[in-house]
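Engineer: Task: produce atomic coordinates for the following.
(one chain, ligands or ions: 2)
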Amino acid sequence: MEATSVAAVSLVEELHELSREADGDSQALQAMLSHIVRSFGAQSGSLAVVDPREPTQLRIVAGIDLPAGVVGQTVALGTGVLGKVAQTGEPMLINGELRKSGDDAREERARPRSAICWPLAIKNRRIGALSMNRIGDADPFGDSDVARGRSLVTLVALVVDNANLHTEQMERIERLSQLNAEMRTMNVQLQATQQQLLQSEKMASIGQLAAGVAHEINNPVGYVYSNLSTLQGYVGELLAVVRHLRGTGDGPEPACDIEFLEEDIPQLVSETREGLDRVKKIVQDLKDFSRVDKSDDWEEANLVKGLESTLNIVQNEIKYKAAVVKELVPLPDVPCLPTQLNQVFMNLLVNAAQAIPAKGTIVLRSGFDAACVWVEVGDDGCGMSPEVQSRIFEPFYTTKPVGKGTGLGLSVSYSIVQKHNGKIELKSTPGQGTTFRVVLPRVREGELTEAVHG
Ligand SMILES: Nc1ncnc2c1ncn2[C@@H]1O[C@H](COP(=O)(O)OP(=O)(O)OP(=O)(O)O)[C@@H](O)[C@H]1O
Ligand SMILES: [Mg+2]
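Structural biologist: Residues are numbered from 1 along each chain as shown. Ligands and ions are numbered 1, 2, ... in the order given. Now for the predicted structure:
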């Protein structure tokens, strides 16, 4: 092999090595350029690449012995030697005095006398241009130099193209991780919104409940109040008679129907006592329902008791719609979160009442076996089609008019029962009615494994 061919092969090998290290940073491109410029016995050179974001512009990304500030400048495609060569795709050999560029302050003998510029392209895609210059008295370049450089600049074009791809890929990865972060934030926001919704569902239930309780308390308080003013009148009459009998009153003996008072006063007192008992019971049920005096922890509790006290709380919502029939058997206590289960019962009871168009019956049943306890709320209301049945546990699914239902009741109930490792079963026939059954295990899962292995 000729000495020049050997040198060319080893140059290609060296460039190949460099190109493998090059990941597109300007230092690597600078190293490649310097290598090529040196191997051609040139003193200065530049490498310009097409800006992928602005394909009509070339950016000078590397330079050897160029006037200050040239690296980083842009050149429009079609202008200057670099721009023309990059656009036409044809190399250019220039010999003789080269035009002095505006800010080229170099001494006369340091200015280029001979230059070659090669286009960088892959297939017909323009990548950029590479130029080099011999300065002063050095021999000018010839056609053989132009030919020799062709394969080298192809290698440079590949490296630049790889570098662009690499940058693009990095940008894509960056964009993807940004999207990922955005999605994560959205997810957190969604969860917060869901929490808020659950909270507002709870608030809505409390509002509903407060209205019912106010109504329930208002009735007995109303007649207790009116009985008290009647009693006040009676006491006034009796005191006047007493004063007259003692001789301390003036005027004639006051009129007083003692027989009537003897009959009416005990009746008034017992009615008043009954009214107060009702208020006391409602307050007790409310306390049981909300368990204000208990913590929201797991405890052994009786589902039937929970169902009954919840029924009393929502009585106001139900009583005009349905007669409640209780077919309840006593249940063993089970580990549960009683306050939350009461919320489940409340939703089942209110749903049952709302499903009854005019007047109907709600039946409450209970039962248990060795593994489970269950309670049932059945109604003879409108029932559900299979399509409705398949969607009722979806959050926000409601068939009720705006303002009447949020569609969260059953989805909240579902998650509460799931927390207990229990299940909600349902039987429904359109036009005939619906029965929901809440089934809970008698032992918590952790305890079960302890019992088996312990
Ligand atoms: N006992 C029932 N009979 C007939 N349909 C029912 C019954 N219970 C629930 N549904 C149907 O399931 C839907 C969802 O019930 P869910 O309790 O989740 O929401 P909602 O009652 O519509 O609204 P919310 O409970 O939030 O006030 C109801 O809109 C209704 O169509
Ligand atoms: Mg509901």
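Engineer: Quick check: residues of the protein near ligand 2?
Structural biologist: 347, 351, 409 (Cβ under 5 Å from the ion). No exception for glycine: its C-beta is placed from N, CA and C like everyone else's.
Engineer: Number of residues surrounding the residue nearest to the second one when sequence neighbours are not counted?
Structural biologist: This means residue 351. Using Cβ to Cβ, 6 or more residues apart in numbering and skipping the chain neighbours, the partner closest in space to residue 351 is residue 409 (6.5 Å). A count of neighbours around residue 409, defined by other Cβ atoms under 10 Å, yields 23.
Engineer: hey, where'd the strands end up in the stretch 151-300 of the chain?
Structural biologist: 299-301 (DSSP state E, counting those that start in this stretch).
Engineer: Okay, now the unreliable bits of it?
Structural biologist: Within the stretch 151-300 of the chain, the segments meeting pLDDT under 70 span 201-206, 208-209, 289-296.
Engineer: Would you map the helices across it?
Structural biologist: Secondary structure of the stretch 151-300 of the chain, counting by DSSP state H, counting those that start in this stretch: helices at 258-290.
Engineer: ok, and of the residues of the chain next to ligand 2, which contact ligand 1?
Structural biologist: Here is what survives when the residues of the chain next to ligand 2 are matched to ligand 1 using Cβ under 6 Å from any ligand atom: 347, 351, 409.
Engineer: re the thing from before, now, among the residues of the chain next to ligand 2, which is nearest to residue 185?
Structural biologist: Distance to residue 185 across these (Cβ to Cβ) is lowest for residue 409, with 30.0 Å.
Engineer: Which strands or helices does the helix or strand that contains residue 439 pack on?
Structural biologist: For residue 439, the host element (DSSP states H and E) is strand 433-441. In terms of contact count using 3 or more Cβ pairs under 8 Å, 6 or more residues apart in numbering; DSSP states H and E, strand 433-441 is assigned the packing partners strand 334-336, helix 338-355, strand 372-379, strand 423-429.
Engineer: Lowest average confidence across these, which one?
Structural biologist: Mean pLDDT is lowest for helix 338-355 out of those, coming in at a mean of 92.
Engineer: Would you indicate which residues of the helix or strand that comes right after that helix are buried?
Structural biologist: As assigned by DSSP H and E, the chain's next helix or strand after helix 338-355 is strand 360-368. By 16 or more other Cβ atoms under 10 Å, the buried positions in strand 360-368 come out as 360-366, 368.
Engineer: hmm, back to that, and the helices and strands packed on strand 433-441, which is most packed in?
Structural biologist: Highest mean neighbour count among the helices and strands packed on strand 433-441 (mean count of other Cβ atoms under 10 Å): helix 338-355, with a mean of 23.
Engineer: State the distance from residue 438 to ligand 1.
Structural biologist: Remark: distance between residue 438 and ligand 1 (Cβ to the nearest ligand atom, to the nearest Å) = 13 Å.
Engineer: Check the gap between that residue and ligand 2 for me.
Structural biologist: Remark: distance between residue 438 and ligand 2 (Cβ to the ion, to the nearest Å) = 14 Å.
Engineer: re earlier: surely the residue nearest to residue 351 is in contact with residue 350?
Structural biologist: Yes: Residue 409 is in contact with residue 350 according to Cβ atoms under 8 Å; the separation is 7.4 Å.
Engineer: three-state assignment of residue 29?
Structural biologist: Put simply, residue 29 is helix when judged by DSSP: H, G, I helix; E, B strand; the rest coil.
Engineer: For residue 371, what are phi and psi?
Structural biologist: Here is the backbone geometry of residue 371 (degrees, to the nearest 10): phi -100, psi -30.
Engineer: right, and out of the ones next to ligand 1 among the residues of the chain next to ligand 2, which lies closest to ligand 2?
Structural biologist: Ranked by distance to ligand 2 (Cβ to the ion), these are led by residue 409 at 2.8 Å.
Engineer: And that closest one, what's its pLDDT?
Structural biologist: 85.
Engineer: wait, which of the ones next to ligand 1 among the residues of the chain next to ligand 2 is closest to residue 47?
Structural biologist: Once Cβ to Cβ is applied, the member of those that ends up nearest residue 47 is residue 409, at 70.3 Å.
Engineer: any idea how far that closest one lies from residue 314?
Structural biologist: 12 Å (Cβ to Cβ, to the nearest Å).
Engineer: Please enumerate the shared neighbours of the two.
Structural biologist: Common contact partners of residue 409 and residue 314 (Cβ atoms under 8 Å, 6 or more residues apart in numbering): residue 350.
Engineer: Residue 26: what's its closest spatial neighbour, skipping adjacent residues?
Structural biologist: Of all residues not flanking residue 26 in the chain, residue 61 sits nearest, at 5.7 Å (Cβ to Cβ, 6+ apart).
Engineer: Which positions in the protein make contact with ligand 1?
Structural biologist: With Cβ under 6 Å from any ligand atom as the criterion, the chain meets ligand 1 at residues 347, 351-352, 355, 379, 381-382, 384, 388, 392, 397-400, 405-411, 434.
Engineer: Quick one, which of these are buried?
Structural biologist: 347, 351-352, 355, 379, 381-382, 384, 392, 398, 405-411, 434.
Engineer: on that earlier part again, tabulate the ones next to ligand 1 among the residues of the chain next to ligand 2 in a markdown table, adding columns for distance to residue 249.
Structural biologist: Formatted as a markdown table, these follow (distance: Cβ to Cβ, whole Å):
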| residue | distance to residue 249 |
| --- | --- |
| 347 | 63 |
| 351 | 64 |
| 409 | 65 |
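Engineer: Now do the same contact list for the closest residue to residue 77 other than its chain neighbours.
Structural biologist: Leaving aside its chain neighbours, residue 77 sits nearest to residue 87 (4.8 Å; criterion: Cβ to Cβ, 6+ apart). Residue 87 sits next to 77-78, 126 when contact means Cβ under 8 Å, 6+ apart.
Engineer: what do you get for residue 70?
Structural biologist: By Cβ under 8 Å, 6+ apart, the contact set of residue 70 is 46, 60, 63.
Engineer: can I get those residues in JSON lines with pLDDT?
Structural biologist: What follows is those, written out as JSON lines (pLDDT from 0 to 100):
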{"residue": "46", "pLDDT": "94"}
{"residue": "60", "pLDDT": "93"}
{"residue": "63", "pLDDT": "94"}
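Engineer: Among the residues you listed, which one sits closest to ligand 1?
Structural biologist: residue 60 (67.6 Å; Cβ to the nearest ligand atom).
Engineer: how many neighbours does the closest residue to the closest one other than its chain neighbours have?
Structural biologist: Spatial nearest neighbour of residue 60, excluding adjacent residues (Cβ to Cβ, 6+ apart): residue 48 at 4.8 Å. Residues contacting residue 48 under the criterion other Cβ under 10 Å number 31.
Engineer: Quick check: residue 48 touching residue 57?
Structural biologist: No: between residue 48 and residue 57 there is no contact under Cβ under 8 Å: 9.5 Å.
Engineer: How many residues are close by the residue lying closest to residue 241 once chain neighbours are set aside?
Structural biologist: Excluding the flanking residues, the one nearest residue 241 by Cβ to Cβ, 6+ apart is residue 256, at 5.0 Å. A count of nearby residues for residue 256, using other Cβ under 10 Å, gives 14.
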